[in-house]
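> Here is the input, now give the coordinates:
(4 chains)
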Protein chains: 2
Amino acid sequence: MSVSETKKSYHHGDLRTSLVNVARDLIEEFGPNGFSVAEAARRAKVSSAAPYKHFSDKSELLNAVVSDAMDRLRGDMLRRRDAHPAGSLEAITALGLAYVDFAKSEPSVFRLMFGVTEGHEDEPALREKGEATFGIVIETAALCIGAAPNDPRAVKAAYLLWTVVHGHSFLSIDDKRKTSGDELSDEQLLLAAGRGLLFAQ
Amino acid sequence: MSVSETKKSYHHGDLRTSLVNVARDLIEEFGPNGFSVAEAARRAKVSSAAPYKHFSDKSELLNAVVSDAMDRLRGDMLRRRDAHPAGSLEAITALGLAYVDFAKSEPSVFRLMFGVTEGHEDEPALREKGEATFGIVIETAALCIGAAPNDPRAVKAAYLLWTVVHGHSFLSIDDKRKTSGDELSDEQLLLAAGRGLLFAQ
DNA sequence: AACATATGTAAGAGGCGCTTACTTCATCAA
DNA sequence: TTGATGAAGTAAGCGCCTCTTACATATGTT
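Okay, here's the model as predicted:
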């Protein structure tokens, strides 16, 4: 870059998108708590007041990061599920593997997606996205056990599988797995869970 | 069991213990992120610098809250397990119910016990407590399936059950359970998980 | 050309984490 | 009894943060 090329127009261009991306990086670098709006503004090369033209407060920016992450997670899950025969154990296991892999690749953002609802009430938009994703799990579980998607057995099986996947994701990224089945792959674990829980009553 | 403060109350009472108790209240009131050392000091009626005579920084105070919570959780688990016949499905289910009940009664502290390891490295003391608690789960699972505690099948079953209980705890306190098996009791859920997973291979 | 609107900056109020320098008081050796 | 010691407190302040207010600049419609 040449010297005089630091033209830097007064307006940024797409600050909103830049902030979301920068925020995601910062969250992964310093954790959800280490993130600050001021640092995000610094990295986006704007003043520390500029972000507030796009987000009413810090948590709204964080929500934007979460919303984007939920979209990507749901996309990953569908893509990987659809690489397997509909109704197969592999199909529903693929959903779980996508979930676990997402948690491992973006642990801090994943943590932010859950539980860091402190300080502001649940965004309905985020809740809807979460429910849509769980709907996919229910559908897929129903196909596996040959039931209708509204069959309580499918809902129960789907929820139990979700607890395994969700719990395993957290325990993995929290590094709480030293003592336990470290030698088992995620796939072995989730396949076992699927076999054990799909027909559990 | 908050370790007995042997000889610390020289000056204005037992500030260390007061701070831990006040901090626990604040965390439940405002969430792990809403907590501030300054507010804890205010509630304990000391200057904002006083806490730093007892804790080197904020996270050390939080660690003390977590350590105390882990002791209470382990105590609850043992107490409730031992109300059932050794090796019974009810015994290992009781472990899980104690875990879930703890999460529900102190959701913010529970959240703090996991994942808010940001900003400071894992305290070995806390890790040890966690591993000891998981050891209880392994032992109990081994008894249920008639295996030795070091049998890989027991470890695998114990870990899978832990993922269910841990995941269910988080999903419950994060209020992510609206769409799902809301009508199922924790006990029904955990019994089903126990039946499905104890012998899963 | 002129205005309305969106998007940026500069400056600052108020809060928090943590440090430094100083003060108070319980304990114990003399 | 006393007075040195050191643990446990306070007051003041630095640097960073969130968020606000007042103002400056760019864009597009008319």
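> Wondering if stretch A:18-29 reaches chain B at all.
No. In this structure, stretch A:18-29 remains apart from chain B according to C-beta under 8 Å from any C-beta of the partner chain; the gap is never smaller than 10.0 Å. Heads up, the C-betas are built off the backbone N, CA and C, glycines and all.
> Close to DNA strand C: what parts of chain A are there?
Proximity of chain A to DNA strand C is assessed by C-beta under 7 Å from any atom of the strand, with A:10-13, A:15, A:45-50, A:53-54 identified as the residues in range.
> ok, of the residues you listed, which come out buried?
Applying a neighbour-count criterion of 16 or more other C-beta atoms under 10 Å in any protein chain shown, the buried members of the residues of chain A next to DNA strand C are A:12, A:15, A:46, A:50, A:54.
> List the residues that contact residue A:35.
If you count contacts by C-beta atoms under 8 Å, 6 or more residues apart in numbering or on different chains, residue A:35 has them with A:23, A:26, A:27, A:62.
> I'd assumed residue B:111 was in contact with residue A:170.
No. With contacts defined as C-beta atoms under 8 Å, residue A:170 does not count as touching residue B:111, sitting 10.4 Å away.
> Need the residues touching each of these two.
Shared contacts of residue A:170 and residue B:111, counting by C-beta under 8 Å, 6+ apart, come down to residue B:170.
> how about the helices of chain A, start to end?
In chain order, chain A shows helices spanning A:15-34, A:37-43, A:58-81, A:89-105, A:107-113, A:124-145, A:152-173, A:186-197, with DSSP state H as the criterion.
> so how far is the fifth one off the chain centroid?
Using C-alpha atoms, centre = their mean, to the nearest Å, we find the averaged C-alpha position of helix A:107-113 to lie 7 Å away from the chain's own average C-alpha position.
> now swap in the second one and tell me
In this view, helix A:37-43 has its centroid 23 Å away from the chain centroid, taken as C-alpha atoms, centre = their mean.
> Farthest pair within the residues of chain A next to DNA strand C?
For the residues of chain A next to DNA strand C, the maximum inter-member distance is 18.6 Å, found between A:13 and A:48 (C-beta to C-beta).
> per-residue confidence for the closest residue to residue A:114 other than its chain neighbours?
Leaving aside its sequence neighbours, residue A:114 sits nearest to residue B:174 (C-beta to C-beta, 6 or more residues apart in numbering or on different chains; 5.3 Å). As predicted, residue B:174 sits at a pLDDT of 86.
> Return the distance of residue B:174 relative to DNA strand D.
Here the distance between residue B:174 and DNA strand D works out to 21 Å (C-beta to the nearest atom of the strand, to the nearest Å).
> just to revisit the earlier point, so which of the helices of chain A comes closest to residue B:143?
Taking C-beta to C-beta, helix A:186-197 is the member of the helices of chain A nearest to residue B:143, at 18.8 Å.
> Tell me the helices and strands packed up against the closest one.
helix A:89-105, helix A:152-173, helix B:152-173, helix B:186-197 (3 or more C-beta pairs under 8 Å, 6 or more residues apart in numbering or on different chains; DSSP states H and E).
> which regions of chain A sit below the pLDDT cut-off?
Where chain A drops to pLDDT under 70, the residues are A:1-8, A:10, A:116-121, A:178-182, A:201.
> Up against DNA strand D, what does it have?
Taking C-beta under 7 Å from any atom of the strand as the contact definition, chain A meets DNA strand D at A:9-11, A:35-39, A:48-49, A:52, A:56-59.
> Let me know the closest of those to residue B:195.
Of all the residues of chain A next to DNA strand D, the one with the least separation from residue B:195 (C-beta to C-beta) is residue A:59, at 41.4 Å.
> What's the local residue count around that closest one?
In terms of burial, residue A:59 registers 18 neighbours under the definition other C-beta atoms under 10 Å in any protein chain shown.
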